[in-house]
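Participant: Kindly generate the corresponding structure for this input.
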Amino acid sequence: RPPPDLAIRSSDGVVFYVQKAILCIASHTFAAMCGGTDSFARFEEPGLPGLILTEDAKTLDALFRICYPVENPELKSVAVIFAVMEASRKYMVDVGTHACIKAIMHPDFLKQDPFSVFAIACHFQLTDDAHVAAKETL
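Facilitator: Numbers count the residues shown, from 1 in each chain. As a prediction, this is how the structure comes out:
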């Protein structure tokens, strides 16, 4: 594998070493951020350019794993799914949004916490999924 060519620091100080090409393919937003525009928060990592993002390490770890050609992370709670979906929407990572929708609509989540699934579906304007979750609240 090629070595990382970008460092990304989370809001809680964890630094991820990533490959720009993979993130740029997954997201137009990351492509713009990596394009050298000075409007994004930056830091210097020895030998690498660095970006500072507002998401925590847990959220970014899941988002990056979804972007990379590896097995998707197991999204184990509605809170994690919500955070990753927000980040996916913010950074325009369509594959992340789809992975989160698939995870939140899993029968286990629908049975255990249909109201949270309903609330998330409404927040993201997923009308059909909100209807499915609403039926599960009965």
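Participant: For my notes, confirm S116 occurs in a helix.
Facilitator: Yes - assessed by DSSP: H, G, I helix; E, B strand; the rest coil, S116 belongs to a helix.
Participant: mind checking pLDDT for the nearest residue to it once chain neighbours are set aside?
Facilitator: Nearest-residue entry for S116: V78, 4.3 Å, with adjacent residues in sequence omitted and distances by CB to CB, 6 or more residues apart in numbering. Glycine gets a C-beta too; all of them are placed from N, C-alpha and C. Per-residue pLDDT puts V78 at 93.
Participant: Okay, helices next: where are they in the chain?
Facilitator: Shown for the chain, the helices assigned by DSSP state H span residues 20-26, 28-34, 57-67, 78-90, 94-104, 107-112, 114-123, 127-136.
Participant: By mean pLDDT, point me to the weakest helix or strand of this protein.
Facilitator: Scoring the helices and strands of the chain by mean pLDDT, DSSP states H and E places strand 42-45 at the bottom, with a mean of 77.
Participant: picking that back up, for the residue nearest to S116, give me its contacts.
Facilitator: Neighbour list for V78: 104, 109, 113, 116-117, 120 [criterion: CB atoms under 8 Å, 6 or more residues apart in numbering].
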